[in-house]
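J.: sequence unknown, structure follows:
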């Protein structure tokens, strides 16, 4: 048997290829949209990809099922409750997919979403103990999938939480201890709240260490898995819907092109939004007026999807030689309206002249002095709830997590100086640039974030 996990750090997303090395038949599970890595591996090993399975309608990225099917002729599989605009093979409890001696078996594990499934993998069809189970977003290492993402669609967190109880406590915990667990996400994903950085585990380890796998009543389970969930990034509903649709295929050959400074300015004048993917220090030293700073070295796609809109045309200013990477990472979340990019950020900014401005960034000491002044600024904490409860907070701060900021901007008085902070200065630069983009004139963020504040107390 061939079994490979493909892990994408910036989205904390795992996809898989399983193949029978004798027959050469392979299935890819939860692929991302840029599918070249799977295809290259299959070609190198002489595999034919016969099927593509999505464990559910993903909300945090656009899955690559249509791209894989177009390139290989493979069927697309979903759980029986999935409704799509494209033809699919509906997979139900107990369905077996024979790749040769290697066999896949479907478990229906709703709860994160109604159509969620897991995939049991047997290296040999007659094995009593499966090699592993691909759990999608039903069971993570150290956590379970959040059941609150479909509230706007009329399915309550409590209803899904009850389904998830049966899936996790009843079905998945009913598997033998030695079965390996391969989830669709790891630490950092917004699809859960307590995910481990480990990429795999076993049923036995999760039974012993995962808070949601401990024996408990349905009521207690629903209460614990629905509590304390951070706001979902703004693009989640868009991507979940897009994954149902017969959308345009991602084609790297038709990627956006580099723009001249004149073309760049003309598109910006027509309403395009500049996304600056440089680090906060470089952005602070000088950036295009109105640009939104989403640093490449971080959770770029998730944070871009939080503060930008897929309806906007985007113009990219990226670190040197990373322009095409940034375009691909935007495409992974369905942000395809990229009008182009500037090559060579230093030369481009120099050529933009008066269109370039610095960002105000305060030290913790400067913020303390400002708060003692006659007209103290409004301080906004963009960290998540858990960070504040564990690490402490600035008493004067208004709490608006970064994920909620785009929908809560109207709570901020544009006539008052505003200072934003996060844990270390990364998210606060994003938040401050978003406010400036929306016309707020006196906006700063704190160098070193709350860590610097606490160190100077």
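T.: Perfect, thanks for sending it. This structure is a prediction, so every number in the text was calculated from the model and none was measured.

J.: When you work out contacts or count neighbours from here on, use the C-alpha atoms and nothing else.
T.: Will do.

J.: Okay, now the sheet partners of the helix or strand residue 182 falls within, with direction.
T.: Residue 182 belongs to strand 180-183 when assigned by DSSP states H and E. When pairing is defined by DSSP bridges, strand 180-183 lines up against strand 132-136 (parallel), strand 201-202 (antiparallel).

J.: average pLDDT for stretch 241-259?
T.: Here stretch 241-259 scores 93 as its mean pLDDT.

J.: what's the answer for stretch 305-312, then?
T.: Per-residue scores along stretch 305-312 average to 95.

J.: picking up where we left off before, can you redo the strands paired with strand 180-183 as CSV, where the extra columns are distance to residue 412 and mean neighbour count?
T.: What follows is those, written out as CSV (distance: least, C-alpha to C-alpha, whole Å; neighbours: other C-alpha atoms under 10 Å):
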stretch, distance to residue 412, mean neighbour count
strand 132-136, 39, 25
strand 201-202, 44, 19
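
J.: could you dump these to a markdown table with distance to residue 179?
T.: What follows is the strands paired with strand 180-183, written out as a markdown table (distance: least, C-alpha to C-alpha, whole Å):
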| stretch | distance to residue 179 |
| --- | --- |
| strand 132-136 | 5 |
| strand 201-202 | 5 |
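
J.: among those, which is nearest residue 172?
T.: Among these, the nearest to residue 172 by C-alpha to C-alpha is strand 132-136 (8.6 Å).

J.: Next secondary structure element downstream of that closest one?
T.: strand 139-140.

J.: What mean pLDDT does that following strand get?
T.: On average, strand 139-140 scores 95.

J.: same check, this time on stretch 176-196
T.: Averaged across stretch 176-196, pLDDT comes to 86.

J.: Now do the buried residues in it.
T.: Residues 177, 179-196 are the ones in stretch 176-196 that count as buried (16 or more other C-alpha atoms under 10 Å).

J.: Adding mean pLDDT, write the strands paired with strand 180-183 out as TSV.
T.: Shown next, in TSV, are the strands paired with strand 180-183 (pLDDT from 0 to 100):
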stretch	mean pLDDT
strand 132-136	98
strand 201-202	96
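
J.: and of those, who's closest to residue 414?
T.: With C-alpha to C-alpha, the closest approach to residue 414 among the strands paired with strand 180-183 belongs to strand 132-136: 43.1 Å.

J.: starting at the chain centroid, how far to that closest one?
T.: Its chain's C-alpha centre and that of strand 132-136 lie 19 Å apart, by C-alpha atoms, centre = their mean, to the nearest Å.

J.: any residues touching that strand, and which ones?
T.: Counting by C-alpha atoms under 8 Å, 6 or more residues apart in numbering, strand 132-136 makes contact with 55-56, 116-122, 179-185, all of which sit outside it.

J.: phi, psi of the residue lying farthest from the centre of the chain?
T.: Largest separation from the mean C-alpha position in the chain: residue 374, at 42.1 Å (C-alpha atoms, centre = their mean). Residue 374 adopts backbone torsions of phi -70, psi -30, taken as degrees, to the nearest 10.

J.: returning to what we had before: and which of the contacts of strand 132-136 is nearest to residue 358?
T.: residue 185 (37.1 Å).

J.: Surely that closest one and residue 137 touch.
T.: Yes. Counting by C-alpha atoms under 8 Å, residue 137 is a contact partner of residue 185 at 7.1 Å.

J.: where do the contact lists of the two overlap?
T.: residue 191.

J.: before we move on, back to that, which one of the strands paired with strand 180-183 lies closest to residue 310?
T.: strand 132-136 (25.4 Å).

J.: Going by residue numbers, what spans are strands in the stretch 251-400 of the chain?
T.: Applying DSSP state E, counting those that start in this stretch to the stretch 251-400 of the chain gives strands spanning 273-276, 287-288, 292-293, 314-317, 338-342, 356-357, 360-362, 378-381, 398-399.

J.: Tell me which of those sits most buried.
T.: Highest mean neighbour count of the strands of the stretch 251-400 of the chain: strand 292-293, a mean of 29 (counted as mean count of other C-alpha atoms under 10 Å).

J.: What helices and strands are in contact with that one?
T.: Under the contact criterion of 3 or more C-alpha pairs under 8 Å, 6 or more residues apart in numbering; DSSP states H and E, strand 292-293 touches strand 273-276, helix 426-437.

J.: If we use 10 Å, what do you get?
T.: For strand 292-293, the packing partners by 3 or more C-alpha pairs under 10 Å, 6 or more residues apart in numbering; DSSP states H and E come out as strand 273-276, helix 280-285, helix 300-307, helix 426-437.

J.: Serialize the ones you listed to JSON lines and add fields for distance to residue 455.
T.: Below are the helices and strands packed on strand 292-293 laid out as JSON lines (distance: least, C-alpha to C-alpha, whole Å):
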{"stretch": "strand 273-276", "distance to residue 455": "30"}
{"stretch": "helix 280-285", "distance to residue 455": "20"}
{"stretch": "helix 300-307", "distance to residue 455": "27"}
{"stretch": "helix 426-437", "distance to residue 455": "18"}
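
J.: For residue 338, find the nearest of the ones you listed.
T.: strand 273-276 (9.4 Å).

J.: contact partners of the closest one?
T.: Identification of contacts with strand 273-276 by C-alpha atoms under 10 Å, 6 or more residues apart in numbering yields 264-265, 267-268, 282-283, 287-296, 304, 308-309, 312-319, 326, 338-339, 341, 345, 430, 433, 437.

J.: The strands paired with strand 180-183: which one's closest to residue 215?
T.: Nearest to residue 215, of all the strands paired with strand 180-183, is strand 201-202, at 17.1 Å by C-alpha to C-alpha.

J.: quick one on the thing from earlier: out of the helices and strands packed on strand 292-293, which gets nearest to residue 225?
T.: Of the helices and strands packed on strand 292-293, nearest to residue 225 by C-alpha to C-alpha is helix 300-307, at 22.2 Å.

J.: How far off centre is that closest one?
T.: On C-alpha atoms, centre = their mean, the centre of helix 300-307 falls 8 Å from the chain's centre.

J.: In which helix or strand does the closest residue to residue 158 other than its chain neighbours reside?
T.: Nearest residue to residue 158, sequence neighbours excluded (C-alpha to C-alpha, 6 or more residues apart in numbering): residue 222, at 6.3 Å. Assigned by DSSP H and E, residue 222 falls within helix 218-226.

J.: How far off centre is the helix or strand following that helix?
T.: Next helix or strand after helix 218-226 toward the C-terminus (DSSP H and E): helix 236-242. Its chain's C-alpha centre and that of helix 236-242 lie 12 Å apart, by C-alpha atoms, centre = their mean.

J.: how does this protein divide into domains?
T.: In the assignment given by automatic domain parsing, the structural domains of the chain cover 2-242, 255-357, 360-455.

J.: What is the burial count for residue 455?
T.: Other residues lying near residue 455 total 9 when counted by other C-alpha atoms under 10 Å.

J.: which residues does it contact?
T.: The neighbours of residue 455, taking C-alpha under 10 Å, 6+ apart as the test, are 364, 448.
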